[in-house]
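Participant: Sequence unavailable; structure follows:
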């Protein structure tokens with residue numbers, strides 16, 4: 001059985017997005033309605049400007065006491081998020097997320113068109129375990145090289 005790709009494993013293929021002028025409150029409401037943990041910030045030309053996640057809301061808005069109605073998403077989003085291609089294997093994507101400390105990866109085609117967002121919850125336990133094993137192996141190799 002071949003390992004799934006990130007595109008094959010996505011539970012939702014709908015791309016949740018907002019424009020750069022949206023407020024944090026707008027983003028939180030959209031994420032709540034869609035029951036998802038992130039929203040892509042895409043300008044009128046269709047270019048992805050960034051991603052806003054639940055973690056961004058917690059650490060960059062709530063923890064700093066910013067007003068959700070007046071804070072614009074571009075002030076607190078993650079700019080230039082790490083993106084992956086649709087053919088990336090799930091274990092490789094999870095490894096990236098483990099090593100870099102995030103839970104959402106936009107999936108883009110070769111032309112830069114957004115196809116979706118791969119979330120850590122889209123990965124099966126088998127693939128998560130494979131990625132954890134790879135991360136531990138990489139850490140051991142790095143430790144060995146000093």
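Facilitator: Cool, the structure landed. This one's a predicted model, so the numbers in the text were calculated from it and none came from an experiment.

Participant: which stretches of this structure aren't confidently modelled?
Facilitator: 1-2, 11-13, 124-129, 146 (pLDDT under 70).

Participant: any idea how far residue 85 lies from residue 113?
Facilitator: 11 Å (Cβ to Cβ, to the nearest Å). Backbone N, C-alpha and C define where each C-beta goes, glycine included.

Participant: Who has more neighbours out of the two?
Facilitator: Using other Cβ atoms under 10 Å, the more surrounded residue of residue 85 and residue 113 is residue 85, with 14 against 11.

Participant: Please tell me how far the more buried one sits from residue 132.
Facilitator: Taking Cβ to Cβ, one finds residue 85 at 22 Å from residue 132.

Participant: Please verify my assumption that residue 56 contacts residue 77.
Facilitator: Yes - contact criterion Cβ atoms under 8 Å: residue 56 and residue 77 qualify, at 6.4 Å.

Participant: more neighbours, those two?
Facilitator: residue 77 (25 against 21).

Participant: The more buried one contacts residue 38, doesn't it?
Facilitator: No - using Cβ under 8 Å, residue 77 is not in contact with residue 38, being 9.8 Å away.

Participant: so what's in contact with the two at the same time?
Facilitator: Residues touching both residue 77 and residue 38 (Cβ atoms under 8 Å, 6 or more residues apart in numbering) are 51-52.
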